[in-house]
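Enquirer: how would this look folded up:
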Amino acid sequence: MNLFDVYSLFPIQVVRGKGCRVWDESGQEYLDLYGGHAVICIGHCHPHYVEMMTAQLGRLGFYSNSVINNLQQQLAQRLGRACGYEDYRLFLVNSGAEANENAMKLASFHTGRRRVLSLEKAFHGRTSLAVEVTDNPKIVAPINAGGHVSFLPMDDLSAWEHELRKGDVACCILECIQGVGGIRMVSPEFYQGLRRLCSATGTVLVCDEIQCGYGRSGRFFAHQHLFDPDRQPDMAPDLITVAKGIGNGFPMSALLIAPQFQAVKGQLGTTFGGNHLACTAALAVLDVMEDEHLVENAAQVGSHLIAELRKLVGEKIVEVRGRGLMIGIELSEPYKELRNRLLFEEHCFTGCAGTHTLRLLPPLCLSTDEADMFIEKLKSVL
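Expert: Coordinates of the predicted model:
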């Protein structure tokens, strides 16, 4: 039996990692500015993470959600304190798409409505409902095309108001910093206006923080850049989805649920979500984020990296966008050649978006020295 050939693969096998570095089977070292699609949050193979996961595996790796798992409650309390949403509740699942799927289902249960509004260029996953709100017809199968999703422009509040005033929208879902969409950032004015419209029309506001959340933007959640959480608590989203960085590579995701939603037995469920290993991974991640001040590090090193990159804007670099350690480098020509040269000549992993954007999503432990090292590598291929 062979693998189903759906991935475009680089001819590199990564076999080892530490911090922001990985090594292939020949021993070649690479600087990792992509973190495996923004998944590696605290760095590869952090000793505390490895120790906690190993110890938990020696006690119990898995049991179902039919019994009490105190690790889930520990995680809910720790995450609530870390992100500032202590009165929200937590539903644990396995992937970002699954988190978004459950968010939209819960919104529909809550409102009794079926329409969804999503941003143009959005990416929310590949499962049935998540792919419907993803603005990429190439990955929406005929069976997924339900016809109840509208894609609207970013920052055009009048277009969103026109649809919301119809009174049949269950939820609006948005990434406050779009990842696959090219590191495009929602403005505070648009976000706050949309929040008020959702409140006025009884519509649920869902923030997809799967890629832009968990400290990557320099705050715990990217939407927290768009209002003052202390002075404007009414601006908070109703539902927040997280994945990627929450487990630092262990498959895990979560849905943060505001107090007004009713929990109904059997309405949502999962076999593997919130298992003992997953919760241990998430607790270890929070330990390291707090002990090593990684949210603050993302803000500081990210600001430095963005400032240095903007000095290179010119013939080949058109624009640099982003917050914290979520950065898009818009190029004047397709990214493929530059990305390949960074990888094969300078031994540096980067990501991409669209056809002309390099995407940087490094571990949040990236140092200023490593950021400067990347700048030199980029200069050499420019």
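
Enquirer: so R89 makes contact with A263?
Expert: Yes - assessed by C-beta atoms under 8 Å, R89 is found in contact with A263 at 7.2 Å. Heads up, the C-betas are built off the backbone N, CA and C, glycines and all.

Enquirer: Neighbour count: the two, which is higher?
Expert: Neighbours were counted for R89 and for A263 using other C-beta atoms under 10 Å; R89 has more, 14 against 10.

Enquirer: So what sits opposite the more buried one in the bridge?
Expert: Legend: beta-bridge partners of R89 under DSSP bridges are I257.

Enquirer: The chain should start at 754 in everything you say after this.
Expert: Right, with 754 as the first residue, what we last looked at is R842.

Enquirer: Please report the distance of it from T954.
Expert: Distance, R842 to T954, by C-beta to C-beta, to the nearest Å: 24 Å.

Enquirer: do the same with H915
Expert: In terms of C-beta to C-beta, H915 sits 12 Å off from T954.

Enquirer: who's more crowded, these two?
Expert: T954 (17 against 12).

Enquirer: Spit out the contact partners of that one.
Expert: L917, R918, G920, V922 (C-beta atoms under 8 Å, 6 or more residues apart in numbering).

Enquirer: Go through these and say which is closest to Q825.
Expert: V922 (31.9 Å; C-beta to C-beta).

Enquirer: Write down the beta-bridge partners of the closest one, one by one.
Expert: Bridge pairing for V922 - DSSP bridges - gives R868.

Enquirer: doesn't R868 make contact with it?
Expert: Yes - contact criterion C-beta under 8 Å: V922 and R868 qualify, at 4.6 Å.

Enquirer: Can you pull the residues that touch both of those two?
Expert: Common neighbours of V922 and R868, counting by C-beta under 8 Å, 6+ apart, are E916.

Enquirer: When the two are compared, which one has more neighbours?
Expert: Between V922 and R868, counting by other C-beta under 10 Å, V922 is the more crowded of the two (25 against 20).

Enquirer: ok, that one to R866 distance?
Expert: 6 Å.

Enquirer: With Q825 instead?
Expert: For Q825, the distance to R866 - C-beta to C-beta - is 30 Å.

Enquirer: With P895 instead?
Expert: 24 Å.

Enquirer: Pick out whichever of these two has more residues nearby.
Expert: Neighbours were counted for P895 and for R866 using other C-beta under 10 Å; R866 has more, 18 against 5.

Enquirer: OK, contacts around the spatially most central residue of the chain?
Expert: Note on the chain: the residue nearest the mean C-alpha position is Q964, at 1.4 Å, using C-alpha atoms, centre = their mean. Q964 makes contacts with H790, A791, G849, E928, I930, G932, K997, M1079, L1114, as judged by C-beta under 8 Å, 6+ apart.

Enquirer: pLDDT wise, what is N897 at?
Expert: Note on N897: pLDDT of 88.

Enquirer: Does it touch V884 like I think?
Expert: Yes - using C-beta under 8 Å, N897 is in contact with V884, at 5.2 Å.

Enquirer: Compare the two and say which is more crowded by neighbours.
Expert: Between N897 and V884, counted using other C-beta under 10 Å, V884 has the larger neighbour count: 21 against 15.

Enquirer: any idea which helix or strand carries the more buried one?
Expert: Per DSSP states H and E, V884 falls inside helix 881-885.

Enquirer: Check which helices and strands that helix is in contact with.
Expert: If contacts are counted by 3 or more C-beta pairs under 8 Å, 6 or more residues apart in numbering; DSSP states H and E, helix 881-885 sits against helix 849-864.

Enquirer: let's see it at 10 Å
Expert: helix 849-864, strand 868-872, strand 902-905 (3 or more C-beta pairs under 10 Å, 6 or more residues apart in numbering; DSSP states H and E).

Enquirer: Show me the strands in the stretch 804-953 of the chain, by range?
Expert: 842-846, 868-872, 902-905, 922-927, 930-931, 937-938 (DSSP state E, counting those that start in this stretch).

Enquirer: Tell me where the chain has helices.
Expert: Assigned by DSSP state H, the helices in the chain fall at 788-791, 800-812, 823-836, 849-864, 881-885, 910-917, 941-954, 1029-1044, 1047-1063, 1089-1097, 1121-1134.

Enquirer: Quick check, pLDDT for the residue lying closest to C1032 once chain neighbours are set aside.
Expert: Residue nearest to C1032 in three dimensions, not counting chain neighbours: L824, with 3.7 Å by C-beta to C-beta, 6 or more residues apart in numbering. L824 carries a pLDDT value of 98.

Enquirer: now R1112
Expert: pLDDT at R1112 comes out at 97.

Enquirer: Setting aside sequence neighbours, what's the nearest residue to it?
Expert: R1112's closest residue in space is G1104 (C-beta to C-beta, 6+ apart), at 3.8 Å.

Enquirer: ok, back up a step: out of the strands of the stretch 804-953 of the chain, nearest to L992?
Expert: Of all the strands of the stretch 804-953 of the chain, it is strand 922-927 that lies closest to L992, at 7.6 Å by C-beta to C-beta.

Enquirer: That closest one vs helix 910-917, what angle?
Expert: Orientation of strand 922-927 against helix 910-917 (axes from the mean of the first three to the mean of the last three C-alpha atoms, to 10 degrees) gives an angle of 150 degrees.

Enquirer: and strand 922-927, what does it pack onto?
Expert: helix 849-864, strand 868-872, strand 902-905, helix 910-917, helix 941-954, strand 957-961, strand 992-995.

Enquirer: okay, and the common contacts of V922 and R866?
Expert: A860, H901, G955, T956, V957 (C-beta atoms under 10 Å, 6 or more residues apart in numbering).

Enquirer: which of these count as buried?
Expert: Using 16 or more other C-beta atoms under 10 Å as the burial test, the shared contacts of V922 and R866 include A860, H901, T956, V957 as buried.

Enquirer: With respect to pLDDT, which of these ranks lowest?
Expert: Lowest in pLDDT among the buried ones among the shared contacts of V922 and R866 is H901, which has 90.
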